[in-house]
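A.B. asks: Need a 3D model of the sequence below.
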Amino acid sequence: MTRIAVAIVNYNTIGHLRDYLATARAAGATEMVLKDNGSTDGSVEMVEREFSEVRVLDSRDNPGYGAASNQAIAVCRAPYVLLLNSDILLDPNALDVLVEHLDAHPRAAIVGPRLQNTRRLRSVTVSDPDTRRPTILLTGAAGQVGWELRRSLAPLGHVVALGRSELDLTRHERIAEIVEAVAPAAMVHFSTDYVFDGTKTTAYLEDDAPAPLGVYGSSKLAGDQAVIGAGIPYLVLRTSWVYAARGRNFLRTMLRLAHERTELAVVADQFGAPTPARLIADVTAQLLGHGRDPTGFRFPSRLNGVYNVTARGVASWYDLATAILALDPRRERQTVRHIRPITTAEYPTPARRPTNSLLDLGKLERTLGIRMPEWEAQLETVMRELPMQELA
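C.D. replies: Numbers count the residues shown, from 1 in each chain. Down below sits the predicted model:
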(Lines give C-alpha, C1' and ligand atoms only; values in the text may rest on other atoms or scores of the structure.)
Protein backbone atom coordinates (compact mmCIF):
# COMPACT_ATOMS: atom_id res chain seq x y z
CA MET A 1 0.00 0.00 0.00
CA THR A 2 1.14 3.54 -0.73
CA ARG A 3 2.47 5.30 2.37
CA ILE A 4 -0.25 7.72 3.38
CA ALA A 5 -0.95 9.81 6.45
CA VAL A 6 -4.39 10.80 7.61
CA ALA A 7 -4.52 14.26 9.20
CA ILE A 8 -7.72 15.07 11.07
CA VAL A 9 -9.03 18.37 12.40
CA ASN A 10 -11.64 17.92 15.15
CA TYR A 11 -13.87 20.03 17.35
CA ASN A 12 -16.47 18.40 19.60
CA THR A 13 -17.46 15.60 17.19
CA ILE A 14 -16.34 12.58 19.18
CA GLY A 15 -18.65 10.08 17.44
CA HIS A 16 -17.53 10.98 13.93
CA LEU A 17 -13.93 11.14 15.08
CA ARG A 18 -14.07 7.58 16.42
CA ASP A 19 -15.53 6.31 13.13
CA TYR A 20 -12.92 8.26 11.18
CA LEU A 21 -9.98 6.79 13.07
CA ALA A 22 -11.38 3.24 13.03
CA THR A 23 -11.81 3.44 9.24
CA ALA A 24 -8.31 4.84 8.73
CA ARG A 25 -6.84 2.17 11.00
CA ALA A 26 -8.68 -0.61 9.15
CA ALA A 27 -7.53 0.75 5.79
CA GLY A 28 -3.91 0.57 6.93
CA ALA A 29 -3.04 4.26 7.10
CA THR A 30 0.71 4.62 7.65
CA GLU A 31 0.25 7.46 10.09
CA MET A 32 -2.59 9.28 11.84
CA VAL A 33 -2.36 12.82 13.21
CA LEU A 34 -5.08 14.64 15.13
CA LYS A 35 -5.28 18.39 15.66
CA ASP A 36 -8.04 18.98 18.16
CA ASN A 37 -9.33 22.55 18.31
CA GLY A 38 -10.04 22.68 22.04
CA SER A 39 -12.82 20.08 22.23
CA THR A 40 -14.75 19.77 25.49
CA ASP A 41 -16.59 16.54 24.69
CA GLY A 42 -13.79 14.14 25.67
CA SER A 43 -12.49 13.69 22.12
CA VAL A 44 -8.82 13.83 23.06
CA GLU A 45 -9.26 11.48 26.01
CA MET A 46 -11.10 9.01 23.77
CA VAL A 47 -8.30 9.06 21.21
CA GLU A 48 -5.61 8.57 23.83
CA ARG A 49 -7.58 5.67 25.31
CA GLU A 50 -8.70 3.87 22.13
CA PHE A 51 -6.19 4.93 19.46
CA SER A 52 -2.79 5.08 21.08
CA GLU A 53 -1.05 5.12 17.67
CA VAL A 54 -2.53 8.55 16.84
CA ARG A 55 -0.26 11.53 17.28
CA VAL A 56 -2.28 14.21 19.09
CA LEU A 57 -1.15 17.80 18.66
CA ASP A 58 -1.61 20.53 21.25
CA SER A 59 -5.35 20.83 21.89
CA ARG A 60 -5.40 23.87 24.17
CA ASP A 61 -6.36 26.37 21.50
CA ASN A 62 -8.63 26.70 18.47
CA PRO A 63 -6.74 28.46 15.66
CA GLY A 64 -9.48 27.76 13.13
CA TYR A 65 -9.78 25.12 10.43
CA GLY A 66 -7.17 26.55 8.06
CA ALA A 67 -4.45 27.05 10.65
CA ALA A 68 -5.19 23.71 12.31
CA SER A 69 -4.97 21.97 8.94
CA ASN A 70 -1.55 23.49 8.32
CA GLN A 71 -0.36 22.34 11.73
CA ALA A 72 -1.54 18.78 11.15
CA ILE A 73 -0.09 18.52 7.64
CA ALA A 74 3.25 19.97 8.75
CA VAL A 75 4.01 17.12 11.16
CA CYS A 76 2.99 14.25 8.87
CA ARG A 77 6.01 12.23 7.75
CA ALA A 78 4.36 10.09 5.05
CA PRO A 79 4.82 11.32 1.46
CA TYR A 80 1.06 11.69 0.95
CA VAL A 81 -1.47 13.25 3.27
CA LEU A 82 -5.25 12.97 3.28
CA LEU A 83 -6.69 15.94 5.17
CA LEU A 84 -10.03 15.28 6.81
CA ASN A 85 -12.36 17.29 8.97
CA SER A 86 -14.14 15.20 11.56
CA ASP A 87 -17.50 16.90 11.10
CA ILE A 88 -17.64 15.51 7.54
CA LEU A 89 -18.56 11.84 7.53
CA LEU A 90 -15.91 9.54 6.10
CA ASP A 91 -17.27 6.95 3.72
CA PRO A 92 -15.67 3.54 4.42
CA ASN A 93 -14.44 3.32 0.82
CA ALA A 94 -12.87 6.77 0.74
CA LEU A 95 -9.35 5.84 1.83
CA ASP A 96 -9.25 2.82 -0.48
CA VAL A 97 -10.34 4.95 -3.42
CA LEU A 98 -7.71 7.53 -2.55
CA VAL A 99 -5.03 4.84 -2.46
CA GLU A 100 -6.13 3.62 -5.89
CA HIS A 101 -5.50 7.12 -7.22
CA LEU A 102 -2.09 7.21 -5.58
CA ASP A 103 -1.06 3.81 -6.84
CA ALA A 104 -2.05 4.84 -10.35
CA HIS A 105 0.09 7.96 -9.98
CA PRO A 106 3.09 6.86 -7.87
CA ARG A 107 4.43 10.40 -7.58
CA ALA A 108 1.08 12.03 -6.97
CA ALA A 109 0.45 14.53 -4.22
CA ILE A 110 -2.83 15.06 -2.43
CA VAL A 111 -3.75 18.68 -1.82
CA GLY A 112 -6.25 19.09 0.99
CA PRO A 113 -9.29 17.22 -0.33
CA ARG A 114 -12.43 17.71 1.77
CA LEU A 115 -14.60 14.59 1.54
CA GLN A 116 -18.33 14.82 1.19
CA ASN A 117 -20.68 12.14 2.52
CA THR A 118 -20.77 10.20 -0.74
CA ARG A 119 -20.20 6.57 -1.66
CA ARG A 120 -17.06 7.38 -3.63
CA LEU A 121 -14.30 9.93 -3.44
CA ARG A 122 -15.45 11.98 -6.41
CA SER A 123 -12.32 14.03 -7.03
CA VAL A 124 -8.76 14.12 -5.84
CA THR A 125 -6.33 16.87 -6.74
CA VAL A 126 -3.16 15.21 -7.98
CA SER A 127 0.11 16.45 -9.39
CA ASP A 128 3.43 14.96 -10.38
CA PRO A 129 6.01 16.68 -8.18
CA ASP A 130 9.74 16.08 -8.22
CA THR A 131 10.29 13.77 -5.26
CA ARG A 132 13.78 15.22 -4.83
CA ARG A 133 12.36 18.64 -3.97
CA PRO A 134 12.98 19.47 -0.31
CA THR A 135 10.37 20.61 2.16
CA ILE A 136 10.98 24.22 3.19
CA LEU A 137 9.63 25.37 6.55
CA LEU A 138 8.76 29.08 6.42
CA THR A 139 7.85 30.81 9.68
CA GLY A 140 6.47 34.32 9.87
CA ALA A 141 4.76 33.62 6.57
CA ALA A 142 2.24 36.45 6.96
CA GLY A 143 4.89 39.15 7.35
CA GLN A 144 6.31 41.36 4.60
CA VAL A 145 9.32 39.18 3.80
CA GLY A 146 7.50 35.94 4.60
CA TRP A 147 4.75 36.78 2.13
CA GLU A 148 7.29 37.27 -0.65
CA LEU A 149 9.25 34.17 0.32
CA ARG A 150 6.20 32.01 -0.38
CA ARG A 151 6.55 33.05 -4.00
CA SER A 152 10.33 33.03 -4.37
CA LEU A 153 10.93 29.70 -2.61
CA ALA A 154 8.18 27.75 -4.39
CA PRO A 155 10.43 26.69 -7.32
CA LEU A 156 12.97 25.23 -4.87
CA GLY A 157 10.69 22.86 -2.99
CA HIS A 158 7.45 22.31 -1.12
CA VAL A 159 6.91 25.33 1.12
CA VAL A 160 5.20 24.76 4.48
CA ALA A 161 4.22 28.36 5.25
CA LEU A 162 3.22 29.02 8.86
CA GLY A 163 2.13 32.34 10.30
CA ARG A 164 1.81 33.28 13.95
CA SER A 165 -1.58 31.60 14.26
CA GLU A 166 -0.10 28.29 13.06
CA LEU A 167 3.25 28.55 14.84
CA ASP A 168 3.74 30.87 17.80
CA LEU A 169 7.51 31.28 18.06
CA THR A 170 7.26 31.85 21.81
CA ARG A 171 6.12 28.23 22.28
CA HIS A 172 9.41 26.36 22.10
CA GLU A 173 7.93 22.88 22.32
CA ARG A 174 5.81 23.57 19.26
CA ILE A 175 8.83 24.77 17.29
CA ALA A 176 10.74 21.59 18.12
CA GLU A 177 7.81 19.46 17.03
CA ILE A 178 7.51 21.16 13.64
CA VAL A 179 11.25 21.24 12.92
CA GLU A 180 11.57 17.56 13.79
CA ALA A 181 8.78 16.71 11.38
CA VAL A 182 9.98 18.85 8.47
CA ALA A 183 13.72 18.14 9.00
CA PRO A 184 15.00 21.13 6.98
CA ALA A 185 18.45 20.90 5.36
CA ALA A 186 19.61 24.37 6.36
CA MET A 187 18.49 27.40 8.34
CA VAL A 188 18.02 30.94 7.06
CA HIS A 189 17.83 33.66 9.72
CA PHE A 190 16.95 37.25 8.84
CA SER A 191 18.85 39.86 10.80
CA THR A 192 19.08 43.63 10.83
CA ASP A 193 21.24 46.74 10.70
CA TYR A 194 20.20 47.28 14.33
CA VAL A 195 23.02 44.98 15.44
CA PHE A 196 25.32 47.97 14.76
CA ASP A 197 25.35 51.34 16.52
CA GLY A 198 25.55 53.36 13.30
CA THR A 199 28.68 55.32 14.21
CA LYS A 200 30.82 53.97 11.37
CA THR A 201 31.33 56.45 8.54
CA THR A 202 31.24 53.82 5.77
CA ALA A 203 29.05 50.81 5.02
CA TYR A 204 29.18 47.97 7.55
CA LEU A 205 30.87 44.71 6.61
CA GLU A 206 29.51 41.35 7.75
CA ASP A 207 32.38 40.85 10.20
CA ASP A 208 32.37 44.34 11.74
CA ALA A 209 32.00 44.28 15.52
CA PRO A 210 28.33 44.52 16.49
CA ALA A 211 27.20 47.09 19.04
CA PRO A 212 23.40 47.16 19.28
CA LEU A 213 21.76 50.25 20.73
CA GLY A 214 18.75 48.58 22.30
CA VAL A 215 16.75 45.47 23.08
CA TYR A 216 15.65 44.84 19.50
CA GLY A 217 19.19 44.90 18.14
CA SER A 218 20.47 42.82 21.05
CA SER A 219 17.82 40.15 20.56
CA LYS A 220 18.51 39.95 16.84
CA LEU A 221 22.24 39.66 17.52
CA ALA A 222 21.56 36.85 19.99
CA GLY A 223 19.64 35.09 17.22
CA ASP A 224 22.54 35.56 14.81
CA GLN A 225 24.99 34.09 17.30
CA ALA A 226 22.73 31.15 18.16
CA VAL A 227 22.34 30.19 14.51
CA ILE A 228 26.05 30.56 13.79
CA GLY A 229 26.96 28.44 16.79
CA ALA A 230 24.38 25.69 16.22
CA GLY A 231 26.65 23.58 14.03
CA ILE A 232 24.13 23.38 11.17
CA PRO A 233 24.19 24.70 7.58
CA TYR A 234 23.00 28.30 7.80
CA LEU A 235 22.58 31.71 6.24
CA VAL A 236 22.28 34.87 8.34
CA LEU A 237 20.93 37.61 6.07
CA ARG A 238 21.19 41.17 7.42
CA THR A 239 18.96 43.76 5.84
CA SER A 240 17.58 47.21 6.59
CA TRP A 241 14.79 49.68 5.91
CA VAL A 242 12.40 46.98 4.69
CA TYR A 243 9.13 47.93 2.99
CA ALA A 244 6.54 46.34 0.70
CA ALA A 245 3.30 47.00 -1.12
CA ARG A 246 1.44 45.29 1.73
CA GLY A 247 1.68 45.20 5.50
CA ARG A 248 2.69 47.96 7.93
CA ASN A 249 5.75 49.87 6.79
CA PHE A 250 7.18 53.31 6.03
CA LEU A 251 5.97 53.39 2.43
CA ARG A 252 2.35 52.73 3.26
CA THR A 253 2.44 55.07 6.25
CA MET A 254 3.75 57.93 4.09
CA LEU A 255 1.08 57.32 1.45
CA ARG A 256 -1.64 57.36 4.09
CA LEU A 257 -0.38 60.52 5.80
CA ALA A 258 0.03 62.29 2.45
CA HIS A 259 -3.75 62.07 2.09
CA GLU A 260 -4.54 63.04 5.71
CA ARG A 261 -2.17 65.90 6.58
CA THR A 262 -0.97 69.12 5.02
CA GLU A 263 2.59 68.88 6.34
CA LEU A 264 4.93 65.98 7.07
CA ALA A 265 8.10 66.13 9.20
CA VAL A 266 10.58 63.38 8.28
CA VAL A 267 14.02 62.56 9.71
CA ALA A 268 16.80 63.61 7.36
CA ASP A 269 19.96 62.68 9.30
CA GLN A 270 19.67 58.88 9.30
CA PHE A 271 20.92 57.06 6.22
CA GLY A 272 20.36 53.62 4.74
CA ALA A 273 19.34 51.71 1.63
CA PRO A 274 15.55 51.26 1.34
CA THR A 275 15.00 47.59 0.52
CA PRO A 276 11.78 45.94 -0.67
CA ALA A 277 10.73 42.61 0.79
CA ARG A 278 10.49 41.23 -2.75
CA LEU A 279 14.22 41.80 -3.32
CA ILE A 280 15.16 40.11 -0.04
CA ALA A 281 13.03 37.10 -0.95
CA ASP A 282 14.50 36.83 -4.43
CA VAL A 283 18.09 36.99 -3.16
CA THR A 284 17.31 34.39 -0.49
CA ALA A 285 16.09 32.02 -3.22
CA GLN A 286 19.20 32.71 -5.29
CA LEU A 287 21.49 31.83 -2.40
CA LEU A 288 19.58 28.64 -1.64
CA GLY A 289 19.55 27.83 -5.33
CA HIS A 290 23.31 27.40 -5.16
CA GLY A 291 22.59 24.25 -3.17
CA ARG A 292 20.65 22.54 -5.94
CA ASP A 293 22.10 19.79 -8.11
CA PRO A 294 20.67 17.07 -10.40
CA THR A 295 20.46 14.55 -7.57
CA GLY A 296 18.55 16.76 -5.16
CA PHE A 297 19.08 19.61 -2.69
CA ARG A 298 22.50 19.94 -1.13
CA PHE A 299 23.54 22.97 0.88
CA PRO A 300 27.29 23.46 0.36
CA SER A 301 29.26 24.44 3.45
CA ARG A 302 31.06 27.13 1.46
CA LEU A 303 27.84 29.17 1.53
CA ASN A 304 27.59 29.15 5.33
CA GLY A 305 27.87 32.64 6.69
CA VAL A 306 26.51 36.13 7.19
CA TYR A 307 25.48 38.18 4.15
CA ASN A 308 24.28 41.75 3.85
CA VAL A 309 21.17 41.96 1.66
CA THR A 310 19.92 45.42 0.70
CA ALA A 311 19.34 47.49 -2.40
CA ARG A 312 22.18 49.67 -3.64
CA GLY A 313 22.49 53.39 -2.99
CA VAL A 314 21.88 55.63 -0.01
CA ALA A 315 18.95 57.70 1.17
CA SER A 316 17.65 59.43 4.25
CA TRP A 317 14.12 58.86 5.47
CA TYR A 318 13.35 62.32 4.11
CA ASP A 319 14.71 61.30 0.68
CA LEU A 320 12.62 58.15 0.71
CA ALA A 321 9.44 59.98 1.75
CA THR A 322 9.92 62.54 -1.01
CA ALA A 323 10.39 59.78 -3.59
CA ILE A 324 7.32 57.87 -2.39
CA LEU A 325 5.05 60.89 -2.63
CA ALA A 326 6.41 61.78 -6.08
CA LEU A 327 5.52 58.28 -7.32
CA ASP A 328 2.10 58.16 -5.64
CA PRO A 329 -0.45 57.12 -8.32
CA ARG A 330 -2.94 59.39 -6.52
CA ARG A 331 -0.57 62.30 -6.26
CA GLU A 332 -3.13 64.81 -7.51
CA ARG A 333 -5.35 63.97 -4.51
CA GLN A 334 -2.69 64.44 -1.86
CA THR A 335 -3.50 66.90 0.93
CA VAL A 336 0.13 67.35 1.96
CA ARG A 337 1.71 70.60 0.79
CA HIS A 338 5.11 70.47 2.46
CA ILE A 339 7.60 67.82 3.63
CA ARG A 340 9.87 69.23 6.29
CA PRO A 341 13.27 67.64 7.00
CA ILE A 342 14.02 67.28 10.72
CA THR A 343 16.78 65.83 12.89
CA THR A 344 16.67 62.64 14.93
CA ALA A 345 16.63 64.77 18.08
CA GLU A 346 13.39 66.36 16.90
CA TYR A 347 11.73 62.96 16.52
CA PRO A 348 12.50 60.88 19.63
CA THR A 349 11.49 57.21 19.55
CA PRO A 350 11.50 54.50 22.26
CA ALA A 351 14.10 52.51 20.30
CA ARG A 352 17.26 54.31 19.19
CA ARG A 353 17.98 53.92 15.48
CA PRO A 354 21.48 53.75 14.00
CA THR A 355 22.46 56.93 12.20
CA ASN A 356 24.26 54.91 9.52
CA SER A 357 22.42 51.76 8.39
CA LEU A 358 24.39 51.17 5.20
CA LEU A 359 25.50 47.57 4.72
CA ASP A 360 28.34 46.62 2.37
CA LEU A 361 27.19 44.37 -0.50
CA GLY A 362 30.57 43.14 -1.75
CA LYS A 363 30.40 39.63 -0.27
CA LEU A 364 26.88 38.97 -1.55
CA GLU A 365 27.59 40.29 -5.04
CA ARG A 366 30.80 38.25 -5.36
CA THR A 367 29.05 35.08 -4.20
CA LEU A 368 26.14 35.38 -6.63
CA GLY A 369 28.00 37.15 -9.42
CA ILE A 370 25.43 39.94 -9.53
CA ARG A 371 25.08 43.65 -8.91
CA MET A 372 22.24 44.57 -6.58
CA PRO A 373 19.71 47.03 -8.03
CA GLU A 374 19.46 50.68 -7.00
CA TRP A 375 16.86 51.54 -4.39
CA GLU A 376 15.13 54.10 -6.62
CA ALA A 377 14.37 51.53 -9.33
CA GLN A 378 13.11 49.06 -6.74
CA LEU A 379 10.79 51.66 -5.26
CA GLU A 380 9.24 52.31 -8.66
CA THR A 381 8.57 48.59 -9.06
CA VAL A 382 6.91 48.28 -5.66
CA MET A 383 4.75 51.35 -6.25
CA ARG A 384 3.30 49.58 -9.29
CA GLU A 385 2.36 46.63 -7.06
CA LEU A 386 0.18 48.62 -4.67
CA PRO A 387 -3.22 46.97 -4.13
CA MET A 388 -5.81 48.39 -6.52
CA GLN A 389 -8.14 49.36 -3.67
CA GLU A 390 -5.54 51.83 -2.47
CA LEU A 391 -5.53 53.53 -5.86
CA ALA A 392 -9.28 54.12 -5.96
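
A.B. asks: neighbours around Asp168, how many?
C.D. replies: 15 (other CB atoms under 10 Å). The way it works is simple: take the backbone N, C-alpha and C, and place the C-beta from them, glycine included.

A.B. asks: what do you get for the one 5 residues further on?
C.D. replies: Glu173 sits with 7 neighbouring residues when counted by other CB under 10 Å.

A.B. asks: what do you get for His338?
C.D. replies: 9.

A.B. asks: isn't it right up against Glu263?
C.D. replies: Yes: between His338 and Glu263 there is a contact under CB atoms under 8 Å: 4.8 Å.

A.B. asks: Could you point out which residue ranges in the stretch 151-300 of the chain have low pLDDT?
C.D. replies: The model of the stretch 151-300 of the chain has pLDDT under 70 over residues 291-298.

A.B. asks: give the contact list for the closest residue to Ser240 other than its chain neighbours.
C.D. replies: Leaving aside its chain neighbours, Ser240 sits nearest to Asp193 (3.8 Å; criterion: CB to CB, 6 or more residues apart in numbering). Asp193 makes contacts with Tyr204, Arg238, Thr239, Ser240, Trp241, Gly272, Pro354, Ser357, Leu359, as judged by CB atoms under 8 Å, 6 or more residues apart in numbering.

A.B. asks: Please report how far Trp375 lies from Leu82.
C.D. replies: Note on Trp375: its distance to Leu82, by CB to CB, to the nearest Å, is 47 Å.

A.B. asks: ditto for Leu364
C.D. replies: 43 Å.

A.B. asks: out of those two, which sits in the more crowded spot?
C.D. replies: Per other CB under 10 Å, whichever of Leu364 and Leu82 has more neighbours is Leu82, with 26 against 21.

A.B. asks: tell me which element that one is part of?
C.D. replies: Assigning secondary structure by DSSP states H and E places Leu82 in strand 80-85.

A.B. asks: just Val145 next, same as before
C.D. replies: Using DSSP H and E, Val145 falls in helix 144-153.

A.B. asks: Tell me the helices and strands packed up against that helix.
C.D. replies: Applying 3 or more CB pairs under 8 Å, 6 or more residues apart in numbering; DSSP states H and E, one finds that helix 144-153 contacts strand 135-139, strand 158-162, strand 242-243, helix 277-289.

A.B. asks: Helix, strand, or coil at Met32?
C.D. replies: Three-state assignment for Met32 (DSSP: H, G, I helix; E, B strand; the rest coil): strand.

A.B. asks: For it, give its distance to Ile73.
C.D. replies: Taking CB to CB, one finds Met32 at 13 Å from Ile73.

A.B. asks: shaky segments in the stretch 1-150 of the chain?
C.D. replies: Checking the stretch 1-150 of the chain against pLDDT under 70 turns up 1-3, 27, 59-61, 64-66, 79-80, 85-133.

A.B. asks: which stretches of the stretch 101-250 of the chain form helices?
C.D. replies: Taking DSSP state H, counting those that start in this stretch as the test, the helices found in the stretch 101-250 of the chain are 144-153, 172-182, 215-228, 250-258.

A.B. asks: Dump these into JSON lines; add distance to Gln334 as well.
C.D. replies: Shown next, in JSON lines, are the helices of the stretch 101-250 of the chain (distance: least, CB to CB, whole Å):
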{"stretch": "helix 144-153", "distance to Gln334": "24"}
{"stretch": "helix 172-182", "distance to Gln334": "45"}
{"stretch": "helix 215-228", "distance to Gln334": "32"}
{"stretch": "helix 250-258", "distance to Gln334": "5"}
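
A.B. asks: hey, which of those is tucked in deepest?
C.D. replies: Compared across the helices of the stretch 101-250 of the chain, helix 144-153 shows the largest average neighbour count, a mean of 20 (mean count of other CB atoms under 10 Å).

A.B. asks: Next, the angle from that helix to strand 158-162.
C.D. replies: Orientation of helix 144-153 against strand 158-162 (axes from the mean of the first three to the mean of the last three CA atoms, to 10 degrees) gives an angle of 170 degrees.

A.B. asks: which residues touch Ile73?
C.D. replies: Residues in contact with Ile73, defined by CB under 8 Å, 6+ apart, are Ala7, Val81, Leu83, Gly112, Val160.

A.B. asks: Okay, the third one and His338: tell me how far apart.
C.D. replies: Leu83 sits 56 Å away from His338, going by CB to CB.

A.B. asks: How about Ile175, nearest residue that isn't a chain neighbour?
C.D. replies: Nearest non-adjacent residue to Ile175, counting by CB to CB, 6+ apart: Leu169, 6.5 Å away.

A.B. asks: ok, the one you found - contacts?
C.D. replies: Leu169 is in contact with Thr139, Gly140, Ile175, counting by CB under 8 Å, 6+ apart.

A.B. asks: from these, which is closest to Glu45?
C.D. replies: Set against Glu45, the nearest of the contacts of Leu169 by CB to CB is Ile175 (26.3 Å).
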